[in-house]
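Visitor: 3D, please:
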Amino acid sequence: MDYFKILNLKKEPFSNSPEPEFFYQSVKHLGCLQKLELAIRLRRGLSVVVGDVGTGKTTLCRQLILKFAASDEDRNQIETHLLLDPSFTTPLEFLSAVALTFGVSTTGSGVSEWQLKENIKNYLFKKGIDEGKIVVLIVDEGQKLPSFCLEILREFLNYETNEYKLLQIVVFAQGEFERILKEHRYFADRVNFYYLLKPLNFRETRGMVKFRIEKASAKDNAPSFFTYSGLWALYLATDGYPRKIVTLCHQVILALIIQNRSKAGWFLVRSSSQRVSTGRRTALRWATVSILAVVLIVLVAVGMYPERLGGIKPPQEPMSVVKTQETTPPGPGAAVKPERTSQKAVVEAAVKEENEVQSPPKKMPDLLGNVRMKKGKTVWWMIHDFYGDVDPKQLRAFALANPHIQNLNRVIAGERVALPAIPAKSNPFPSGNFWVHLAQGEDINKMYDTYKRYETIVPHVIFIPYWNDREG
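Guide: Numbering: from 1, shown residues only. Here you go, the predicted model:
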């Protein structure tokens with residue numbers, strides 16, 4: 001018996017096979033597909049789609065081919081040809097592969113690169129001008145294209161009429177293809193449409209899971225196998241990458257069957273993710289320790305999302321750059337003349353030292369403060385915002401600080417909750433990155449609102465309540 005039938009499903013909802021009916025049309029994927037289709041129909045030449053492993057490039061590639069095979073009119077007008085692995089070693093090998101894909105003869109005595117190019121050119125002129133067809137060459141794994149392949153593709157783009165290109169080229173590639181484009185600017189200049197395919201956000205992740213379960217369900221009313229906190233755990237473990245989502249969801253469904261449960265919550269998803277190599281970088285397991293200073297930090301790279309910062313009101317105080325200066329010690333034999341210290345300075349220094357000795361260290365507060373529960377939020381997600389992750393210790397501390405809450409799954413929006421101060425487990429600032437300080441303040445509610453406002457428009461924002469025994 002198939003396992004999915006136990007859950008009243010007619011098909012496996014999270015198969016790793018690229019089944020067309022399970023293609024989830026997220027805003028990103030649908031937008032990319034529509035723009036590719038338009039560029040091909042208008043015969044604009046070269047289109048490039050770049051994305052990380054698991055973002056859905058191969059799925060889009062297959063959907064594009066299916067799109068042009070859906071109707072008799074498109075099948076008669078548009079010819080699509082696919083190159084799956086372009087890691088060729090010689091120009092002749094690449095030209096032979098393209099010719100075979102087009103159905104162009106590669107036999108004959110003394111076949112050469114020039115002859116193959118001529119045969120391909122004649123084929124394109126025949127199809128594009130005499131028959132009025134659109135010829136599309138789709139290259140998957142484009143980051144494997146050697147330099148000579150890029151040059152040959154650039155030559156193919158020279159085959160054109162006064163109105164349009166005779167060959168439409170679509171390249172799907174991983175992120176390193178951006179570097180290749182920078183190194184081959186003559187090829188990059190030919191790019192008509194460029195799309196950076198990003199992972200799904202939380203709403204799209206939830207929509208994808210729901211869509212696949214509905215497609216696989218044997219009933220009109222599809223079951224829901226994930227709680228809200230379970231969906232957040234899924235999103236955090238996969239970063240919104242469709243391939244990772246499918247892999248982890250498959251493990252979660254198996255865990256539900258084995259444990260005879262109907263829904264997967266936060267902890268079940270987290271335990272399942274530990275058995276799957278999702279590639280998720282280790283979550284920041286740092287915690288907060290005060291309400292007196294709250295710092296908003298964002299991880300940025302050069303040129304990363306500058307246009308998305310336009311809608312943010314700049315901080316009241318200008319950002320400052322701290323520069324350290326290295327001092328050179330005097331060389332051998334060099335004498336440094338001591339400066340005379342005034343009597344007033346000596347007295348002030350003595351008083352300052354005495355005050356510092358007499359001042360006892362400040363005690364860490366028990367609570368960060370009280371925060372109102374926001375609409376649509378859960379206790380689990382609020383803990384994640386303030387402490388960087390959710391574990392049993394944090395949940396117990398939260399429950400002890402809020403004895404009036406009987407059920408942590410049911411907290412009304414607007415209700416005040418107390419946040420316990422939990423010492424940090426690790427440094428929240430991993431080395432090797434640049435961090436920009438955006439804002440700080442002592443009102444925890446105000447700073448949390450600021451953090452949520454930034455979070456919707458700027459990626460990688462970190463919210464850090466901070467305290468030490470000297471400054472509070």
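Visitor: OK, contacts around the nearest residue to residue 64 once chain neighbours are set aside?
Guide: The spatial neighbour of residue 64 that comes closest, neighbours along the chain excluded (C-beta to C-beta, 6 or more residues apart in numbering), is residue 36 at 5.8 Å. In this view, the C-beta of every residue, glycine as well, is placed from N, C-alpha and C. By C-beta atoms under 8 Å, 6 or more residues apart in numbering, the contact list for residue 36 reads 47, 49, 60, 64, 170, 193, 195.
Visitor: low pLDDT regions in the protein?
Guide: Residues of the chain meeting the criterion pLDDT under 70: 1-3, 108-110, 277-362, 376, 388-391, 424-435, 455-460, 467-472.
Visitor: Can you pull the domain assignment for it?
Guide: 3-16+200-273, 27-197, 293-312+363-466 (automatic domain parsing).
Visitor: Now do the second one: distance from first to last residue.
Guide: For domain 27-197, the first and last residues are 11 Å from each other (C-alpha to C-alpha, to the nearest Å).
Visitor: Could you tell me how far it lies from the centre of the chain?
Guide: Between the centre of domain 27-197 and the centre of its chain there are 27 Å (C-alpha atoms, centre = their mean, to the nearest Å).
Visitor: before we move on, what about the first one?
Guide: On the basis of C-alpha atoms, centre = their mean, domain 3-16+200-273 sits 20 Å off its chain's mean C-alpha point.
Visitor: Would you map the helices across the stretch 201-350 of the chain?
Guide: 202-216, 228-238, 242-258, 266-273, 343-358 (DSSP state H, counting those that start in this stretch).
Visitor: rewinding a little: now name the helix or strand holding the residue nearest to residue 64.
Guide: helix 27-41 (DSSP states H and E).
Visitor: And that helix, what's buried?
Guide: 28, 29, 32, 33, 36, 37, 39, 40 (16 or more other C-beta atoms under 10 Å).
Visitor: Next up, the contacts around the fourth one.
Guide: Think residue 33. 25, 60, 63, 64, 67.
Visitor: Which among the residues you listed count as buried?
Guide: 60, 63, 64, 67.
Visitor: elements contacting whichever helix or strand the first one is part of?
Guide: This means residue 60. Using DSSP H and E, residue 60 sits within helix 57-67. Secondary structure elements in contact with helix 57-67, counted by 3 or more C-beta pairs under 8 Å, 6 or more residues apart in numbering; DSSP states H and E, are helix 27-41, strand 46-51, strand 78-83, strand 134-139, strand 167-173.
Visitor: Give me the residues contacting the helix or strand following the fourth one.
Guide: Translated: strand 134-139. Counting by DSSP H and E, the next helix or strand C-terminal to strand 134-139 is helix 147-156. Contact with helix 147-156 is made by 46, 86, 88, 90-91, 94-95, 98, 117, 120, 124, 137, 145, 167, 169, 180, 184, 186-187, 190, as judged by C-beta under 8 Å, 6+ apart.
Visitor: do that again at 6 Å, thanks
Guide: Residues from elsewhere that reach helix 147-156, judged by C-beta atoms under 6 Å, 6 or more residues apart in numbering: 91, 94, 167, 169, 184, 187.
Visitor: Report the two of these separated the most.
Guide: 167 and 184 (18.1 Å; C-beta to C-beta).
Visitor: which SS state does residue 437 fall under?
Guide: Here residue 437 is strand, with the state taken from DSSP: H, G, I helix; E, B strand; the rest coil.
Visitor: ok, for residue 39, nearest residue in space, not its chain neighbours?
Guide: Closest to residue 39 by C-beta to C-beta, 6+ apart is residue 193, at 4.6 Å.
Visitor: quick check, that neighbour in a helix?
Guide: No: per three-state DSSP, residue 193 lies outside any helix segment and is strand.
Visitor: What strand or helix carries the most centrally placed residue in the chain?
Guide: The centroid of the chain falls nearest to residue 199 when counting by C-alpha atoms, centre = their mean (4.4 Å). Element membership for residue 199 (DSSP H and E) is empty, with no helix or strand holding it.
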